[in-house]
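Q: here is a sequence with its predicted model. Questions after.
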Amino acid sequence: MVDGRRGGRKEATRRLNLVDEIKKLDDQGIIHGIRNQKDLDEAPSAYKDINVVMKEQEDLVEILTELTPLAVIKG
């Protein structure tokens, strides 16, 4: 089974740069609630490239449409 995360949640909070992640989302016009380092466990960079994940699963799925994120909200 292919997991979409690049690593664990704690690893993401250690590895990712808060300023860089906020800038990436802001530059794309994506609404987000990333305000401090602990929020980075759900940042987009904590996940693998969706195109790679889907390619690895092409024998199991048929892509019907591609969506563009509007917001990243940690619940």
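A: Nice, thanks for sending it over.
Q: and the helices in the chain?
A: Taking DSSP state H as the criterion, the chain contains helices spanning 9-15, 18-27, 50-56.
Q: pLDDT averaged over the last one - what is it?
A: When the per-residue pLDDT values of helix 50-56 are averaged, the result is 90.
Q: now stretch 31-45
A: Across stretch 31-45, the average pLDDT comes to 92.
Q: quick one: end-to-end distance for it.
A: One end of stretch 31-45 sits 15 Å from the other (Cα to Cα, to the nearest Å).
Q: which parts of that stretch are buried?
A: By neighbour count on 16 or more other Cβ atoms under 10 Å, the buried set for stretch 31-45 is 32, 34, 39, 40, 41, 42, 43, 44. (Glycine included, C-beta is placed from N, CA and C.)
Q: just checking, residue 34 touches residue 73?
A: No - if you go by Cβ atoms under 8 Å, residue 34 and residue 73 don't touch, sitting 9.8 Å apart.
Q: please report the distance of the residue nearest the centre of the chain from residue 5.
A: Among the residues of the chain, the smallest C-alpha distance to the mean C-alpha position (Cα atoms, centre = their mean) belongs to residue 44, namely 2.0 Å. With distances taken as Cβ to Cβ, to the nearest Å, residue 44 is found 11 Å from residue 5.
Q: same thing with residue 43?
A: In this structure, residue 43 and residue 5 are 11 Å apart, going by Cβ to Cβ.
Q: joint contacts of the two?
A: residue 12 (Cβ atoms under 8 Å, 6 or more residues apart in numbering).
Q: contacting residues for the residue nearest to residue 5 when sequence neighbours are not counted?
A: In space, and not counting its chain neighbours, residue 5 is closest to residue 47: 5.8 Å by Cβ to Cβ, 6 or more residues apart in numbering. Applying Cβ under 8 Å, 6+ apart, we find residue 47 in contact with 4, 5, 6.
Q: of these, closest to residue 63?
A: Within the contacts of residue 47, proximity to residue 63 (Cβ to Cβ) peaks at residue 4, which comes in at 15.1 Å.
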